[in-house]
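Q: quick check, what structure comes out for this input:
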Amino acid sequence: MSKIVALILCLFPITLTAQSTSPVASGYITVVNSDGSFAVEGTPVLSEPKIEYSVKDAKGVTGSNPSFHPFVGEFVEVFGSAPKGKAGTPILASRLVELPPVLGDIHGTAIIDFVPQTETAGADYVVRADGFILRIPHTASVKFEEPLTPQTGFRPNVWISYHGALQKDGTILVSDAALRRNTVKSYEDKLHKKKEYDPTAVSPDANQSGVSKFFLGLDVKRFPPHQDDDLEARIARIGESLVPAYQRALPSDEPTRLNFRFHVVDVKEFNEPMALANGIVLVPYIGLDRLKTDSEIATPIAIAIAIAVEKEQVRGRPARNTLASTAIAGDIVGIFVPFAGLPGDIATGVARKHLIDLQLEQAGRVALCLMHDAGYDIRLAPVAMWLSKPINPKPIDKIKMPPRAAYLFKSLGTIWQEGSPATQLTPPKSVASAQSTQ
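A: Numbering: from 1, shown residues only. Just a heads-up that it's a prediction; the model follows:
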């Protein structure tokens, strides 16, 4: 009898899918469709008729969650039938577990870019900075650098260093903070003047030798402009729509006002927009290859603008000069980098990468705010960063999600969850609104 069964199985092979007690997929929800179906890390998820929904608390205890509602950026574990075959094969889920964001200690330094109106007398101070909504109760310890006061300090274009705790609604409850004016240092002013770019003064055949790049670095004045007036106009419109309202409201003679200009250039050395300290944003043509909608194109441009307004190049300068000791200056990001036990060269390299990662994470959070203010679809931001790495025709489900895209998904699930305070803010619209395909 067993031989007959074996023969039948040979004639009519049956494909069995594995059921596992471990999740067959875990990661961020990257797409939510109109019918409620979704994808995790690019892989579609189909639900069994009797699927079980659960949620795991901070202590790792899992409980039932019948009101599960998927949203982009939420982190989940999927149990069920593991997909077999080519990439993109759906998972048949029998159980899904939500993992809420990790709450607790957080700190940073950033420019206040928006202050919502407070309607209740004696209410907490509320500002938006560092990509977060910061709630500063009257019990918090707050220091003001002269001439700032409690009446003049909580306003846009002021630096705030804060320490607090991340809340369930994505806001930060601040326990202590320090505010100081935004000023332009002498070396920053020199950098503004040195890094000018005039596309009409650069030949389309301009080039920089390898020797020059090695000894002097990239010379932006040798970047040839891309010859496409329509594309240049589109990039300028998108870029101008992303400039924060507080920057546009500054007087023309205000030293901290950045004269934002956007130019498409033909370079191969990098594929993401380069922000100069003076507000010039150079957008490489090759970086636009896979970004089709305005919301996708707006993403890397918004990140570049965030780098400029947060003065990442200037703020990183003193930190880079002290990396050998592994202590990052307090007015940079307000943290200490624990690499003192490593050899000098390794410690410097690790600390430098850590600093760059922190700067890029901050730029990503602030970029989502700029996109939100201008009316772009922020859910496409991590997708844009995912598509642009690498630049080739691979489908997105065959590209490993880069860390920057993953962090943007995390920010969406933490700060921009449905109904959160961040989503309800309505800052002044930009000069050029996002009137295009989102």
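Q: now residue 251, nearest residue through space, not along the chain?
A: Among residues not flanking residue 251 along the chain, residue 257 sits closest, at 7.0 Å (Cβ to Cβ, 6 or more residues apart in numbering). C-beta here means a position set from N, CA and C on the backbone, and glycine is covered the same way.
Q: I meant to write residue 303 there.
A: Spatial nearest neighbour of residue 303, excluding adjacent residues (Cβ to Cβ, 6+ apart): residue 367 at 4.4 Å.
Q: so the one you found, which of the three states?
A: With DSSP: H, G, I helix; E, B strand; the rest coil as the basis, residue 367 sits in helix.
Q: quick one: contacts for it?
A: The neighbours of residue 367, taking Cβ atoms under 8 Å, 6 or more residues apart in numbering as the test, are 131, 299, 302, 303, 305, 306, 381.
Q: hang on, the earlier thing: three-state assignment of the residue nearest to residue 251?
A: With three-state DSSP as the criterion, residue 257 reads coil.
Q: could you dump the contacts of residue 367 to a markdown table with pLDDT, distance to residue 159 and secondary structure?
A: Shown next, in a markdown table, are these (pLDDT from 0 to 100; distance: Cβ to Cβ, whole Å; DSSP: H, G, I helix; E, B strand; the rest coil):
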| residue | pLDDT | distance to residue 159 | secondary structure |
| --- | --- | --- | --- |
| 131 | 97 | 15 | coil |
| 299 | 97 | 25 | helix |
| 302 | 97 | 21 | helix |
| 303 | 96 | 20 | helix |
| 305 | 97 | 17 | helix |
| 306 | 96 | 15 | helix |
| 381 | 96 | 25 | helix |
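Q: nearest to residue 60, of these?
A: Residue 60 lies nearest to residue 131 out of the contacts of residue 367, by Cβ to Cβ, at 28.1 Å.
Q: domain map for this protein?
A: Domains of the chain are assigned by automatic domain parsing as 15-99, 104-181, 228-424.
Q: so how far is stretch 49-56 off the chain centroid?
A: Between the centre of stretch 49-56 and the centre of its chain there are 30 Å (Cα atoms, centre = their mean, to the nearest Å).
Q: next: stretch 398-417.
A: How far stretch 398-417 lies from its chain's middle: 8 Å, per Cα atoms, centre = their mean.
Q: from here on, count from 18
A: Let's use 18 as the start, then, which means that last one is stretch 415-434.
Q: buried stuff in that stretch?
A: Going by neighbour count (16 or more other Cβ atoms under 10 Å), the buried part of stretch 415-434 is 416, 418, 421-434.
Q: list of residues touching it?
A: Identification of contacts with stretch 415-434 by Cβ under 8 Å, 6+ apart yields 44-47, 58-59, 88-92, 104, 118, 148-150, 183, 186-187, 374, 377-378, 381-382, 385, 389, 395-396, 398-400, 402-404, 406-407, 439-440.
Q: distance between the ends of it?
A: Between the opening and closing residues of stretch 415-434 there is a gap of 27 Å (Cα to Cα, to the nearest Å).
Q: hang on, the earlier thing: show me the buried residues of stretch 415-434 that map onto helices.
A: 421, 422, 423, 424, 425, 426, 427, 428, 429, 430, 431 (DSSP state H).
Q: against residue 316, how distant is residue 278?
A: According to Cβ to Cβ, to the nearest Å, residue 278 stands 19 Å off from residue 316.
Q: which one of these two has more residues nearby?
A: Legend: neighbour count by other Cβ atoms under 10 Å for residue 278 and residue 316, higher for residue 316 (33 against 18).
Q: in space, what's closest to the more buried one - neighbours in sequence excluded?
A: Spatial nearest neighbour of residue 316, chain neighbours left out: residue 401 (3.9 Å); criterion: Cβ to Cβ, 6+ apart.
Q: what segments of the stretch 118-267 of the chain are helices?
A: Ranges of helices within the stretch 118-267 of the chain are 203-211, 227-233, 246-259, 262-266, based on DSSP state H, counting those that start in this stretch.
Q: lowest average pLDDT across those?
A: Ranked by mean pLDDT, the helices of the stretch 118-267 of the chain bottom out at helix 227-233, with a mean of 61.
Q: and the spatially most central residue of the chain, what's its pLDDT?
A: Centroid-nearest residue in the chain, with Cα atoms, centre = their mean: residue 381, separated by 2.1 Å. Predicted confidence (pLDDT) for residue 381: 96.
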